[in-house]
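> Structure, please.
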Amino acid sequence: MSEATELGKGAAAGKGIRALEFPDPWEVPLEDINLAQGRLFQCQEHWRYFERLRAEDPVHYCRESDVGPFWSVTRFRDIFQVDNDHETFSSADGIGLGPPISLKPEQRMRTPMFIAMDPPVHDVQRATVAPVVAPRNLAALEGTIRERAGRILDGLPRGETFNWVDRVSIELTTQMLATLFDFPFEDRRKLTRWSDVVTSAPGVMVESMEERRAVMMECLEAFTTLWHERAGQPPKTDLISMLVHGEDTRDMINRPMEYLGNLILLIVGGNDTTRNSISGGVLALNEHPGEYDKLRSDPGLIPNMVSEIIRWQTPLAHMRRTATKDTELGGKPIREGDKVVMWYISGNRDEEAIDRPNEFLIDRPQARHHLSFGFGIHRCMGNRLAEMQLRIVWEEIMKRFRMVEVVGEPQRNLSAFVHGFTELPVQVHER
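Okay, the predicted model is just below:
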């Protein structure tokens, strides 16, 4: 067994009583391993299961789970192959593990979105909104992000414990989302709630699928109002205006579930990923005090550190594809219609692809060599914006604080999809 069991970091949060919920993965029959369990990730016990699968069964078939059978792809090179072959491995049937098979058809809410589409529809819809994160727009946003990050950090309490997730990670990313959508700024926390509801397990944010549907309809209603407002205005640079005036998307309002699906995609993509990397970076530096010392000695390492944080945290644990034909992957026969799950979180700890993957190294050579943004036609559209936000917030942190100290146990999402935090108790220490 490799050092990953001890160096998985964050695994410490899953030790003790909570770890007893799960058997030793090295003693479980391979065919019984099921990774479609949010609690496994919440307790940080997933690292050991991935370690075994990479070593013994890197393309693994799970016959029975709450979401039905699926293949787990756990090595970097195999994930890369799947992600780059959209003709064999389609997104059109969904990008997550999927809803529980126990759900009745009428309980399922289909919300098409361009990340869950294949060319040519995917390409034209993505191209319509891509200019919002074009280099020219990012340059224009940098000053706004820096001013807001500074204001948030200056307003943090000194000498007392607070939740970094809420006060910094959520607040900064939600302000950015409101700007990208030109959404009413005073209502921006609605964006956070909608994102959390759509990505959380039943019983966490809402009690039932009916309640989740009601919240999503609330989101659609708000953005339908914005659509009609933008339709009566000249084209602008916000996401809604781009959809309204885009040649290939201007009639999307007549397909409300598709409109809602793309809203969800843009909200979750702009919210969960960056916010959990901001929190994950604070935790990683506390778990690796030598790296925090490096950062204090040389803040110029921040851009490289940002890439290492994104690899280390892997804020979206997986993406799913569906085989369009019989094929082979890693020596295993994949049948047409099979679900194929790319575990980015495992590929980012693959010893064959990344040197010393279980160590957090802010000066890591080739730190951008990771899977967190995906590859191929579905590579994260907002990757440069995410990197910029992380870089700026850490530049502003280092101007003000000698340390952001984690003073309590992190509380993590109950999710096998969004790998992140609900609470991170900290205190800040000024320079």
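
> To what extent is G159 buried, counted in neighbours?
Counted by other CB atoms under 10 Å, the residues lying close to G159 total 8. From N, CA and C alone the C-beta is placed, and that goes for glycine too.

> Against C43, how distant is it?
Note on G159: its distance to C43, by CB to CB, to the nearest Å, is 32 Å.

> Look up the closest residue to G159, ignoring the ones flanking it.
Closest residue to G159 apart from its sequence neighbours, by CB to CB, 6 or more residues apart in numbering: Q427 at 7.3 Å.

> how about the helices of the stretch 51-200 of the chain, start to end?
76-83, 121-129, 135-154, 164, 171-181, 189-199 (DSSP state H, counting those that start in this stretch).

> For the helix ranked longest in the chain, the averaged confidence score.
Scanning the chain for the helix with the most residues, using DSSP state H, yields helix 256-287. Confidence for helix 256-287, expressed as mean pLDDT, is 87.

> and if you look at stretch 84-101?
pLDDT averaged over stretch 84-101 gives 82.

> gap between that stretch and the chain center?
16 Å (CA atoms, centre = their mean, to the nearest Å).

> Go ahead and produce PDB holding the CA coordinates of it.
What follows is stretch 84-101, C-alpha atoms only, in PDB (Å, rounded to 0.1, in the frame of the first residue of the first chain):
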ATOM      1  CA  ASN A  84     -10.900  13.600 -25.600                       C
ATOM      2  CA  ASP A  85     -13.200  11.200 -27.500                       C
ATOM      3  CA  HIS A  86     -16.700  12.700 -27.500                       C
ATOM      4  CA  GLU A  87     -17.800  10.600 -30.500                       C
ATOM      5  CA  THR A  88     -17.300   7.300 -28.500                       C
ATOM      6  CA  PHE A  89     -18.100   8.800 -25.100                       C
ATOM      7  CA  SER A  90     -21.100  11.100 -25.300                       C
ATOM      8  CA  SER A  91     -22.300  13.700 -22.800                       C
ATOM      9  CA  ALA A  92     -25.800  13.800 -24.200                       C
ATOM     10  CA  ASP A  93     -27.300  11.400 -21.600                       C
ATOM     11  CA  GLY A  94     -26.000  13.400 -18.600                       C
ATOM     12  CA  ILE A  95     -22.700  14.400 -17.000                       C
ATOM     13  CA  GLY A  96     -23.200  13.100 -13.400                       C
ATOM     14  CA  LEU A  97     -23.600   9.700 -11.900                       C
ATOM     15  CA  GLY A  98     -27.300  10.200 -12.400                       C
ATOM     16  CA  PRO A  99     -30.400  10.300 -10.300                       C
ATOM     17  CA  PRO A 100     -31.300   7.300  -8.000                       C
ATOM     18  CA  ILE A 101     -32.900   4.500 -10.100                       C
END
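
> sorry, back to before: want to throw the helices of the stretch 51-200 of the chain into CSV with distance to L301?
Output for the helices of the stretch 51-200 of the chain, formatted as CSV (distance: least, CB to CB, whole Å):
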stretch, distance to L301
helix 76-83, 24
helix 121-129, 33
helix 135-154, 18
helix 164, 21
helix 171-181, 21
helix 189-199, 30
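
> and the ones you listed, which one's lowest on average pLDDT?
helix 121-129 (a mean of 65).

> All the strands of the stretch 1-150 of the chain, residue numbers only.
Assigned by DSSP state E, counting those that start in this stretch, the stretch 1-150 of the chain shows strands spanning 59-62, 70-73, 89-90.

> Kindly spell out which helices and strands sit in contact with the last one.
Under the contact criterion of 3 or more CB pairs under 8 Å, 6 or more residues apart in numbering; DSSP states H and E, the helices and strands touching strand 89-90 comprise strand 318-323.

> So what are the sheet partners of the strand it packs on and their directions?
strand 89-90 (antiparallel), strand 339-343 (antiparallel) (DSSP bridges).

> Who's the closest spatial neighbour of K339, skipping the chain neighbours?
F70 (3.9 Å).

> who's in contact with the one you found?
A36, Y61, C62, L97, G98, R320, D338, K339, V340, V341 (CB atoms under 8 Å, 6 or more residues apart in numbering).

> shouldn't the first one be in contact with S415?
No. At 10.9 Å, A36 does not count as touching S415 under the criterion of CB atoms under 8 Å.

> hang on, the earlier thing: I'd like the next helix or strand past the longest helix of the chain.
Using DSSP states H and E, the next helix or strand after helix 256-287 towards the C-terminus is helix 289-297.

> Give me the residues contacting that following helix.
Helix 289-297 is contacted from outside by 284-286, 301-302, 305, 360-363, 398, 402-403, using CB under 8 Å, 6+ apart.

> if we can go back for a sec, Three-state assignment for the residue nearest to G159, please.
strand (DSSP: H, G, I helix; E, B strand; the rest coil).

> picking that back up, I'd like the distance between the residue nearest to K339 and N163.
Between F70 and N163 the computed distance is 34 Å (CB to CB).

> Please apply the same query to R250.
Shown here: R250 relative to N163, a distance of 42 Å by CB to CB.

> now do F183
Counting by CB to CB, the separation of F183 from N163 is 24 Å.

> between these two, which one's more packed in?
More neighbours surround F183 than the other of F183 and N163, with 21 against 18 (other CB under 10 Å).

> who are the neighbours in contact with the more buried one?
Taking CB under 8 Å, 6+ apart, one finds L177, L191, L226 in contact with F183.

> and the residues you listed as TSV, adding neighbour count?
Shown next, in TSV, are the contacts of F183 (neighbours: other CB atoms under 10 Å):
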residue	neighbour count
L177	22
L191	27
L226	19
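
> Setting aside sequence neighbours, what's the nearest residue to Y61?
W71 (5.6 Å).

> how far away is the one you found from A323?
Per CB to CB, W71 is found 9 Å from A323.

> So which of the two has more stuff around it?
Comparing W71 with A323 by other CB under 10 Å, the one with more neighbours is W71, at 24 against 20.
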